[in-house]
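>>> Sequence below, structure please.
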Amino acid sequence: MSITETKITTHKKERSGKMGKEKNYWLLKTEPGEWSWDDQAANGGLSKWDGVRNKQAQKYMKGMGVGDLCFFYHSGAKSRRVVGVVEVVREWYEEGGGAVDVKAVGEMKTAVGLAQMKEELEGVEFSLFRQPRLSVLPVEKGVWDKICVMGGGYEGNDGEEECDD
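Next up, the predicted model:
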């Protein structure tokens, strides 16, 4: 097992309740000029997440399962922040270079900026800090929880523990 495979495996820490499958957490980056949270919401919340060319990011996408949650992260010089949460509703499929389907769960009550994350997560191993150029990244459950608290949870949170205070 490679180091990368170990990291993917070790960030699986919580049961989703769906046939015993462990829930994973991810971060999906997008330039707001290309596909923004508003675009996601206006599209009925459902979208095909594709166009990922980096092999490592594709490998992470192939590790996603139905029910996994992802931070929706706006990238770019002025936008670096978590703005919402989406759920994987269709696992990796080979179409147009590969994709997963995601559905909006809710907008963060307060967007969480990269600078705030770096300050509040200082000393924490977070793939966003180690591999800032990747567009798809795993998120450890503890980091997920801390970012959720920083953002005050997300609208549409149906009471699950992911972003409860």
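
>>> and the closest residue to Cys70 other than its chain neighbours, what are its bridge partners?
Among residues not flanking Cys70 along the chain, Trp26 sits closest, at 4.2 Å (Cβ to Cβ, 6 or more residues apart in numbering). Placement of C-beta: from N, CA and C, glycine included. Counting by DSSP bridges, Trp26 is bridged to Cys70, Pro138.

>>> Can you name the residues that contact Trp26?
The contact partners of Trp26, by Cβ atoms under 8 Å, 6 or more residues apart in numbering, come to 60, 64, 68-71, 88, 136-139.

>>> quick one: Gly67 and Glu91 touch, right?
No - using Cβ atoms under 8 Å, Gly67 makes no contact with Glu91, being 10.0 Å away.

>>> Let me know the distance separating Val112 from Gly153.
Separation of Val112 from Gly153 (Cβ to Cβ, to the nearest Å): 11 Å.

>>> In terms of neighbours, single out the busier of these two.
Neighbour totals were compared for Val112 and Gly153, and Val112 leads with 23 against 18 (other Cβ atoms under 10 Å).

>>> is it fair to say the more buried one lies in a strand?
Yes - assigned with DSSP: H, G, I helix; E, B strand; the rest coil, Val112 falls within a strand.

>>> what about it, distance to Met150?
For Val112 relative to Met150 (Cβ to Cβ), the value is 5 Å.

>>> returning to that earlier point: same list (the contacts of Trp26) but as CSV, adding distance to Lys21, neighbour count and pLDDT.
Shown next, in CSV, are the contacts of Trp26 (distance: Cβ to Cβ, whole Å; neighbours: other Cβ atoms under 10 Å; pLDDT from 0 to 100):
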residue, distance to Lys21, neighbour count, pLDDT
Tyr60, 17, 24, 96
Met64, 11, 22, 97
Asp68, 9, 23, 97
Leu69, 13, 23, 97
Cys70, 16, 24, 97
Phe71, 20, 26, 96
Val88, 11, 23, 98
Val136, 19, 25, 95
Leu137, 20, 24, 94
Pro138, 16, 26, 95
Val139, 17, 21, 95
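
>>> Dump those into CSV; add distance to Lys103 as well.
Shown next, in CSV, are these (distance: Cβ to Cβ, whole Å):
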residue, distance to Lys103
Tyr60, 19
Met64, 13
Asp68, 12
Leu69, 11
Cys70, 10
Phe71, 14
Val88, 8
Val136, 17
Leu137, 20
Pro138, 20
Val139, 18
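
>>> List just the nearest of those to Gly44.
Proximity of these to Gly44 (Cβ to Cβ) peaks at Val88, which lies at 16.2 Å.
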